[in-house]
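# A predicted structure for the sequence below; I have some questions about it.
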Amino acid sequence: MSEPGAYVVEAELVLADGVDPAAVGAAVTVELCGHWEHDGACRWPHNTAIDVAREPARVRTLFVADTAEAEPVRERIETTLRGATAWRVVSIRSRAVADDERALAQRLLTGPRLRQGETF
């Protein structure tokens, strides 16, 4: 198994009128964990933040995955964001973890997480 690392997917979205911005993070969590309210650790710990003070809104998902799983997880996040009807994706990209995100990345890297095949 490869070593875990922290990765970021960043997107610009135009939310439909009346859409709760928290729905974006919930959609990512459902994709990665099966439900936004789940017991136990995540296989791919993540944190999604959305800045709606600007138009389009900026969304950042920082996630932890083994190096070999990083690209498939990134694709799952991007597919989820692109497939929603409650918002329109203006742009989406991968980027390095920013300096102000390093503490969050470290918490996710060192926290509990399920390995492939494990269950709680």
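On my side now, so go ahead. Numbers count the residues shown, from 1 in each chain.

# Val59: which element?
Using DSSP states H and E, Val59 sits in strand 57-66.

# partner strands of that strand, with direction?
Here strand 57-66 has these sheet partners by DSSP bridges: strand 4-15 (antiparallel), strand 46-51 (antiparallel).

# so where's this structure shaky on pLDDT?
The chain contains residues with pLDDT under 70 at 1, 36, 38-39, 112-120.

# for His46, what are its contacts?
His46 is in contact with Val28, Thr29, Leu32, Thr61, Leu62, Phe63, Val64, Leu108, counting by Cβ atoms under 8 Å, 6 or more residues apart in numbering. Backbone N, C-alpha and C define where each C-beta goes, glycine included.

# among these, find me the one that's closest to Thr80.
Closest approach to Thr80 among the contacts of His46 (Cβ to Cβ): Val28, at 5.9 Å.

# so the closest one is in contact with Arg60, correct?
No: under the criterion of Cβ atoms under 8 Å, Val28 makes no contact with Arg60, lying 10.6 Å away.

# where do the helices of the chain begin and end?
Ranges of helices in the chain, per DSSP state H, are 22-33, 67-83, 102-110.

# what's the most buried one of the ones you listed?
By mean neighbour count, with neighbours taken as mean count of other Cβ atoms under 10 Å, helix 22-33 ranks first of these at a mean of 18.

# that older thread, mind exporting the strand holding Val59 as PDB, just the C-alpha atoms?
Output of strand 57-66 as PDB, limited to C-alpha atoms (Å, rounded to 0.1, in the frame of the first residue of the first chain):
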ATOM      1  CA  ALA A  57     -18.600  30.700  -5.200                       C
ATOM      2  CA  ARG A  58     -15.300  29.100  -4.600                       C
ATOM      3  CA  VAL A  59     -15.300  25.500  -3.200                       C
ATOM      4  CA  ARG A  60     -12.300  23.700  -1.800                       C
ATOM      5  CA  THR A  61     -12.200  20.100  -0.900                       C
ATOM      6  CA  LEU A  62      -9.000  18.900   0.900                       C
ATOM      7  CA  PHE A  63      -8.800  15.100   1.100                       C
ATOM      8  CA  VAL A  64      -6.500  12.400   2.300                       C
ATOM      9  CA  ALA A  65      -5.800   9.300   0.300                       C
ATOM     10  CA  ASP A  66      -3.100   6.800  -0.400                       C
END
